[in-house]
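Participant: Sequence first, then the predicted structure, then my questions.
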Amino acid sequence: MGLICALGGQCLNAGYLTIKEITDALEGKYVLKIPNNEIKREFQSLTAYYFHLDESSVAYLLDNFQNKNWDAFISGYRNILKTAVSYFDLINENSYQTLLLGLFMQLDNKYEIISNRERGSGRLDILLKSKLIDRASFLIELKYTKDTNVNLKELAQKGFQQILDKEYAMDMENVMKIGMAHCGKQVEIYVGKDAESIG
């Protein structure tokens, strides 16, 4: 996965990320964390450097995400895909998951960042679990296709519906449920909350 994997590997080797929990030793899956605020600032700088972004752009993107300004968030995310990431790095669903986790890790003071965790009757892709009761948590289900003829909006809806069907949000309240569908540098998003489902 080229650049995207290189970023994750370098952050881990440099101590910017530490292993919090081993979720699957055989498949090499771990829960990572940023050890402290000083390293968090370095991690922000390194992420921005790798993707040729200024740190204010990343902060703006994450602010829009937390504030549920979805049009602004998806516009900024599309810009990252189009200008900062090589098409050859975007080879499967894991490529986008790694990219998003690299961005979301900067919010670990506000959210517990969880990935590839068994929950409900399946395995969720990304969960940003709020550390404050009165702030929303975010569940993200990623979908990927190589077929440029696939309707990405409909595929994103399927991701959202999977969150409901697999009960990833069981025993949680105030959860934004997000389906994100990717094809190369194209992306669509579908957002819902609580008991909402697709007709």
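Facilitator: Perfect, thanks for sending it.

Participant: Tell me how far the closest residue to residue 160 other than its chain neighbours lies from residue 163.
Facilitator: Leaving out its chain neighbours, the residue that sits closest to residue 160 by Cβ to Cβ, 6 or more residues apart in numbering is residue 179, at 3.5 Å. C-beta here means a position set from N, CA and C on the backbone, and glycine is covered the same way. Noted for residue 179: a distance of 7 Å to residue 163, by Cβ to Cβ, to the nearest Å.

Participant: Isn't residue 111 up against residue 131?
Facilitator: Yes - judged on Cβ atoms under 8 Å, residue 111 makes contact with residue 131 at a distance of 6.4 Å.

Participant: what is in contact with these two at once?
Facilitator: Listed as contacting both residue 111 and residue 131 by Cβ atoms under 8 Å, 6 or more residues apart in numbering is no residue at all.

Participant: Looking at these two now, which is surrounded by more residues?
Facilitator: residue 111 (20 against 12; other Cβ atoms under 10 Å).

Participant: now the helices for this protein?
Facilitator: 2-13, 37-50, 55-66, 70-83, 93-104, 152-165 (DSSP state H).

Participant: show me what contacts residue 69?
Facilitator: The contact partners of residue 69, by Cβ under 8 Å, 6+ apart, come to residue 63.

Participant: coming back round to it: state the distance from the residue nearest to residue 160 to residue 56.
Facilitator: Counting by Cβ to Cβ, the gap from residue 179 to residue 56 is 28 Å.

Participant: quick one, which of those two is more surrounded?
Facilitator: Of the pair residue 179 and residue 56, residue 179 is the one with more neighbours under other Cβ under 10 Å, namely 27 against 9.

Participant: what's across from the more buried one in the sheet?
Facilitator: For residue 179, the beta-bridge partners are residue 141, residue 190 (DSSP bridges).

Participant: Just to check, it is in contact with residue 156?
Facilitator: Yes - counting by Cβ under 8 Å, residue 156 is a contact partner of residue 179 at 4.1 Å.

Participant: what is in contact with those two at once?
Facilitator: Common neighbours of residue 179 and residue 156 (Cβ under 8 Å, 6+ apart) are 143, 189, 190.

Participant: Which pLDDT value belongs to the first one?
Facilitator: Here, the pLDDT recorded for residue 143 equals 97.

Participant: How about the contacts made by it?
Facilitator: Contacts of residue 143 by Cβ under 8 Å, 6+ apart are 93, 155, 156, 158, 159, 179, 180, 181, 182.

Participant: was I right about the first one contacting residue 142?
Facilitator: What that stands for is residue 93. Yes - counting by Cβ under 8 Å, residue 142 is a contact partner of residue 93 at 5.2 Å.

Participant: and stretch 131-149, which residues are buried?
Facilitator: Using 16 or more other Cβ atoms under 10 Å as the test for burial, stretch 131-149 gives 137, 138, 139, 140, 141, 142, 143, 144, 145.

Participant: Flag the shaky bits of the chain, pLDDT-wise.
Facilitator: Along the chain, segments meeting pLDDT under 70 span 1-21, 23-54, 87-88, 193-199.

Participant: Return the member of the contacts of residue 143 nearest to residue 63.
Facilitator: In terms of Cβ to Cβ, no member of the contacts of residue 143 lies closer to residue 63 than residue 180, at 18.3 Å.
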